[in-house]
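> Model the following, please.
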Amino acid sequence: MIHKVVANADEAIRDISSGMTLMLGGFGLCGIPENCINALVKKGVNQLTCISNNAGVDDFGIGLMLQNRQVKKMISSYVGENAEFERQLLSGELEVELVPQGTLATRCMAAGYGMPAIFTPAGVGTEVALGKEIRNFNGKDYLMEMAFDADFAIVKAWKGDSAGNLIYRSTARNFNPVMAMAGKITIAEVEHLVEVGELDPDQIHTPGIYVHRIFQGQDYQKRIEQRTVSSI
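The predicted structure is shown next:
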């Protein structure tokens, strides 16, 4: 596969259109593809299904897309930091599928591995299991969950090369590697873009075979979701 370095986020998302399904890496505000999200807001595509661990906060990350009424459905694990998300959910404007966090990650992984489905005990006997197949293995019930089917996966890495190899930094790795494997087209924005051969092969987390477009982002914010300071 030939990997193409693109100039910026606008070019990277050029063929994302309304009604598509997008995976967006990150956990909270850590390791989110900020530049691509801002480009999507500017482009104004809507009726999107977004697969992400969470929905950002009101004024940052996917929260900006929610404010702009671009998201039709959120498939997430944790959504508790976004008042606009809550408002749209309670008013019926936003469709929401809540997924156990491990199940969310494994459904991404299954898509990357080419597996159609997984079996997990998480959610058995709860609302999560409604309408889904349950099978018994060795005396224990397991819920069948389908692998995700995303048009694009959009991830953020610390460093990448022009062949698409990616290195994530510390906890910013989170959902990014499993999502990078899973999209039909994977877009990676990186803080540092280098030439092939400059990355230590032993440090690469996502091989370039998974990445279709890569660009060096800019103006990244190191935001804290819940700032807690000691009174001492």
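
> Just the element for the spatially closest residue to residue 94 that is not a sequence neighbour, please.
Leaving aside its sequence neighbours, residue 94 sits nearest to residue 88 (Cβ to Cβ, 6 or more residues apart in numbering; 3.8 Å). For the C-beta atoms, the positions are set from N, CA and C on the backbone; glycine is no exception. If you go by DSSP states H and E, residue 88 is part of helix 83-91.

> Only the buried residues of that helix, if you could.
By neighbour count with 16 or more other Cβ atoms under 10 Å, helix 83-91 contains the buried residues 84, 85, 88, 89.

> Same question for stretch 42-49.
43, 45, 48, 49.

> Out of those, which comes closest to residue 20?
residue 48 (6.2 Å; Cβ to Cβ).

> Pretty sure that closest one sits against residue 20.
Yes - between residue 48 and residue 20 a contact is recorded at 6.2 Å, counting by Cβ atoms under 8 Å.

> Tell me which of the buried residues of stretch 42-49 fall in strands.
Residues of those located in strands (DSSP state E): 48, 49.

> Let me know the secondary structure of residue 15.
Following DSSP: H, G, I helix; E, B strand; the rest coil, the label given to residue 15 is coil.

> If I look at it, what pLDDT would I see?
For residue 15, the pLDDT comes out at 95.

> Give me the contact list for the lengthiest helix in the chain.
Counting residues, the longest helix in the chain under DSSP state H turns out to be helix 101-113. With Cβ atoms under 8 Å, 6 or more residues apart in numbering as the test, helix 101-113 has contacts from 23, 51, 53, 75-78, 99, 116-118, 120, 122-123, 145-150, 175, 178-182, 210.

> Okay, now the unreliable bits of this structure?
The model of the chain has pLDDT under 70 over residues 1-3.
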